[in-house]
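A.B. asks: turn this into a model:
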Amino acid sequence: SVALENPSYVTERVREAIRERDRVYAALREHPTWQIHPSRANYHLIRTPDAARAHAGLLERGVLVRRQDSLSGLEGCIRVSIGTPAENTAFINAAQELS
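C.D. replies: Residues are numbered from 1 along each chain as shown. Model prediction:
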């Protein structure tokens, strides 16, 4: 496998994912109505006033996230995976348009 033959490539991809995860968290910490939870995974859980509305608003802006509001205790929550820098920027911009 290419990953096994190039451990430095894997290490750099992991570092980029961590940087991007932290960047998304920092950008959304000050959102007026969404509460982003710290994460050590490759996604963030975000509590919104209305998960259906947040999901639809993000979809309208070309951003796909997962609704989590059908799960017990996660009312209003969506989950966003950490993507490429461009994908994360698109998510941040779309999220900042929504309240």
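
A.B. asks: what is the least confident helix or strand in this protein?
C.D. replies: helix 2-5 (a mean of 74; mean pLDDT, DSSP states H and E).

A.B. asks: show me the helices in the chain, by range?
C.D. replies: 2-5, 7-28, 51-60, 85-97 (DSSP state H).

A.B. asks: just send the ones you listed back as CSV, with mean neighbour count and distance to S39 too.
C.D. replies: All C-beta atoms are positioned from the backbone trio N, CA, C, and that covers glycine. Below are the helices of the chain laid out as CSV (neighbours: other CB atoms under 10 Å; distance: least, CB to CB, whole Å):
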stretch, mean neighbour count, distance to S39
helix 2-5, 8, 23
helix 7-28, 14, 6
helix 51-60, 16, 17
helix 85-97, 16, 13
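
A.B. asks: now render those as CSV, adding distance to W34.
C.D. replies: As requested, those are exported to CSV (distance: least, CB to CB, whole Å):
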stretch, distance to W34
helix 2-5, 34
helix 7-28, 6
helix 51-60, 7
helix 85-97, 7
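
A.B. asks: by mean pLDDT, show me the worst of these.
C.D. replies: For these, mean pLDDT drops lowest on helix 2-5, to a mean of 74.
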